[in-house]
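Asks: any chance you could fold what I've pasted below:
(chains A and B)
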2 protein chains.
Amino acid sequence: MTISASYLKEFTQQVFEKMGCPPAQAAEAADCLNQADLRGVDSHGVARLSGYIRLWEQKRLNATPQMKIVHETPSTAVLDGDLGLGLVTAPEAMRIAMNKARTAGSGWVAVKNSNHFGIAGFHAMMALEGDMVGIALTNASPLVSPTFSKSRFLGTNPIAVAIPANEEPPVVIDMATTTVANGKLEVLQRKGENAPEGWAQDKDGNPTTDPFILKKGGSMLPLGGDRQHGGHKGYCLGAMVDIFSAVLSGANYGPWVPPFVAFLDPPENPVGEGIGHFVGAFRVDAFRPADEFKAHMDNWIKTFRNAEVSEGQERVLVPGDPERELTAERLKNGIPVQEAVIEDLKTLAEKFGLTFDPK
Amino acid sequence: MTISASYLKEFTQQVFEKMGCPPAQAAEAADCLNQADLRGVDSHGVARLSGYIRLWEQKRLNATPQMKIVHETPSTAVLDGDLGLGLVTAPEAMRIAMNKARTAGSGWVAVKNSNHFGIAGFHAMMALEGDMVGIALTNASPLVSPTFSKSRFLGTNPIAVAIPANEEPPVVIDMATTTVANGKLEVLQRKGENAPEGWAQDKDGNPTTDPFILKKGGSMLPLGGDRQHGGHKGYCLGAMVDIFSAVLSGANYGPWVPPFVAFLDPPENPVGEGIGHFVGAFRVDAFRPADEFKAHMDNWIKTFRNAEVSEGQERVLVPGDPERELTAERLKNGIPVQEAVIEDLKTLAEKFGLTFDPK
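Replies: Sure, this is the predicted structure:
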């Protein structure tokens, strides 16, 4: 069924409050999930709410984290997330980065002892308000194999970058460093269709088109797919995200990243605390006057949007265009929510004595 | 024939000195080309020397640049390269970034009014000496089309990241944001072989396997290839590199980037000055004690190198392994140089009254 964004957001906030989150943190976490649904990243929206609750029930997530800076310089810091929601620790880290950028030009904050932070783009976009470029990275549950390997050693480790413009909307990049995000395989499972080559491999490291392969010991491939198609570059990007997020901060990296799903135990002998993020912000006027920068961004955006279209294609997009257009549509017409997710939300309502009765 | 690295470096330095470069700059520029040859990026080594000379002859390159910082904050700066060799302006920018990192934790320098800077990895690796992470980006001659477009609007826009370890060698990422670098197509041309799908498209934006397609109005594809294989993510990365390198600095971006080859005129109505780079450096101890960080990097590297190998593969690599191994081999046995490049170097020797007589 289709549910209004505001109803979903309000309900999500109530659930986080019932979990024990302070109201402001519950509101920010709900906003992050809501923006995922609005932007079309349905796998990271309200569909994930019950997953956070299960982690909290297992005491693998702290609803009232005492976050603190454990190390800093004028332009850098490490934030200990105290096992809080990544939906809460990452925005806090971004505020620290933006504050440092105000005085030092740029700010870079690595976060340890955190949990899944939702969509990376949400955090990167926070910087836009300050006429800043925002960057957000995170490591994630290991499902991806390095090139030439069958070991699941990396997450889909996304990179988000938000860049302000003037008349034009901002450029917003938000991408997994794999060929596709896990959710794309789940869509094919529901449709009963095979995956294209280059998305995944089987448990022995051979190419496969089976969309259920992750349940059979297979793994996802880094952006590019196999070696011939540049998959080693996707592996490099995933490695960079893992190291920046976790080795810099003191979180778990590689195969030690605790899984998001509560039915899998965290690996033994952890090498750090929780999962890790890395966020950054820099003022555009730390490089050139903001009006100059933004005028050229307008020109960049218009130029690329007006590039010549390939045969059989409709138009050329600028990063952020599809998500922004979908947000406008879903704000107007509501967010389509799958039946299984509705049931999930009803169960949560019952558990916490809340009403879930969308029209 | 095979020529010793030191002979090639010495000759390259002499040529740059004859062009008018101050000796220290000539030495640094020669080192950059030499490292490309040692690391196996043959397209960016001594093979490119005559290309720089041709740009200088056309007065599109200044051998005695008066570089200056035109804008700065404690952790950022813009360097005007005064149309110098990128081989000279990028190392200068990296030194500025490292100096800022010493006091502010991190330093980020955008460069305008520059030229081709050789291999990105050379500049990123400079930071390793200071126990810093180094980053280097540059835009480049437009040969790559945005997803769904047939316009050549982006360069191969590389990303390099160098990360220090303790007992293990550093992790060094140095990758074009296209499926393959242009040089890979040239290798296939010489072999008379077709390219795999996902590397390039024809002038109408259709898939092709023709390795000569760039000469027929075709274009290279961003990392991932087509939309189904994640090519829009490679487009995002190329866009980010273009914007950071040129819109932040005030250089030319997108289709306005002046081509490296001297037989193509720079585009009319430039939107900035020269080409642009973006370099960054941050101290690892701006985040956590350096010995802690480096011990975990050793563990990260050993873990990934010992990942389980896929069926039919020999071993799992860590970013930087192949280039480091090739460097050791070529330092010992010399650098293979193609006959056409030998002829090129002989012509340069004649032009400048130098001796080129490798044994």
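
Asks: spatially central residue for chain A, please.
Replies: The residue lying closest to the centre of chain A (Cα atoms, centre = their mean) is A:Ile119, at 2.7 Å.

Asks: ok, that one touching A:Asp42?
Replies: No: using Cβ atoms under 8 Å, A:Ile119 makes no contact with A:Asp42, being 10.7 Å away. No exception for glycine: its C-beta is placed from N, CA and C like everyone else's.

Asks: centre of the chain to the worst-scoring helix or strand of chain A on mean pLDDT, how far?
Replies: When each helix and strand of chain A is scored by mean pLDDT, DSSP states H and E, helix A:182-191 comes last, with a mean of 86. Distance of helix A:182-191 from the chain centroid (Cα atoms, centre = their mean, to the nearest Å) equals 18 Å.

Asks: for it, which outside residues touch it?
Replies: The contact list for helix A:182-191, computed with Cβ atoms under 8 Å, 6 or more residues apart in numbering or on different chains, reads A:41-43, A:143, A:156, A:194-195, A:199-200, A:211-214, A:220.

Asks: which of the residues you listed fall within strands?
Replies: A:Ala200, A:Met220 (DSSP state E).

Asks: the contacts of helix A:182-191: which two are farthest apart?
Replies: Farthest-apart pair in the contacts of helix A:182-191 is A:Val41 and A:Asn194; separation 23.3 Å (Cβ to Cβ).

Asks: could you chop chain A up by domain?
Replies: A:1-64+A:320-359, A:68-175+A:230-284, A:180-220 (automatic domain parsing).

Asks: redo the ones you listed as a markdown table? Include distance to B:Glu10.
Replies: As requested, the domains of chain A are exported to a markdown table (distance: least, Cβ to Cβ, whole Å):
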| stretch | distance to B:Glu10 |
| --- | --- |
| domain A:1-64+A:320-359 | 50 |
| domain A:68-175+A:230-284 | 33 |
| domain A:180-220 | 45 |
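
Asks: tell me which of those domains is the most buried.
Replies: Counting by mean count of other Cβ atoms under 10 Å in any protein chain shown, domain A:68-175+A:230-284 has the highest mean neighbour count of the domains of chain A, with a mean of 24.

Asks: that one spans what distance, first to last residue?
Replies: Chord length of domain A:68-175+A:230-284, first to last residue, is 28 Å (Cα to Cα, to the nearest Å).

Asks: and stretch A:299-315, by the same measure?
Replies: By Cα to Cα, one end of stretch A:299-315 lies 17 Å from the other end.

Asks: which elements pack onto the longest helix along chain A?
Replies: Longest helix in chain A by number of residues, with DSSP state H as the criterion: helix A:86-104. When contacts are defined as 3 or more Cβ pairs under 8 Å, 6 or more residues apart in numbering or on different chains; DSSP states H and E, helix A:86-104 sits against helix A:23-39, strand A:76-84, strand A:106-114, helix A:120-125, strand A:132-138, strand A:275-283.

Asks: sorry, back to before: what is the nearest of the contacts of helix A:182-191 to chain B?
Replies: Chain B lies nearest to A:Trp199 out of the contacts of helix A:182-191, by Cβ to the nearest Cβ, at 8.1 Å.

Asks: please report how far that closest one lies from A:Thr179.
Replies: Distance check for A:Trp199 against A:Thr179: by Cβ to Cβ, to the nearest Å, it reads 5 Å.

Asks: give the residues shared as contacts by the two.
Replies: A:Met220, A:Leu221, A:Gly225.

Asks: which residues are in contact with the closest residue in space to the last one that isn't next to it in sequence?
Replies: Of all residues not flanking A:Gly225 in the chain, A:Gly198 sits nearest, at 2.8 Å (Cβ to Cβ, 6 or more residues apart in numbering or on different chains). For A:Gly198, the contact set (Cβ under 8 Å, 6+ apart) comprises A:Thr179, A:Pro207, A:Leu221, A:Gly224, A:Gly225, A:Asp226, A:His229, A:Gly231, B:His229.

Asks: show me the contacts for the last one.
Replies: Contact criterion Cβ under 8 Å, 6+ apart gives A:Thr179, A:Pro196, A:Gly198, A:Gly224, A:Gly225, A:His229, B:Gly198 as the residues in contact with B:His229.

Asks: which two among these are spaced furthest apart?
Replies: Those two in the contacts of B:His229 that are separated most widely, counting by Cβ to Cβ, are A:Pro196 and A:Gly224, at 13.0 Å.

Asks: narrow the contacts of A:Gly198 to those in helices?
Replies: Applying DSSP H to these, the entries found in helices are A:Gly231.

Asks: what pLDDT does A:Ala181 get?
Replies: Per-residue pLDDT puts A:Ala181 at 86.
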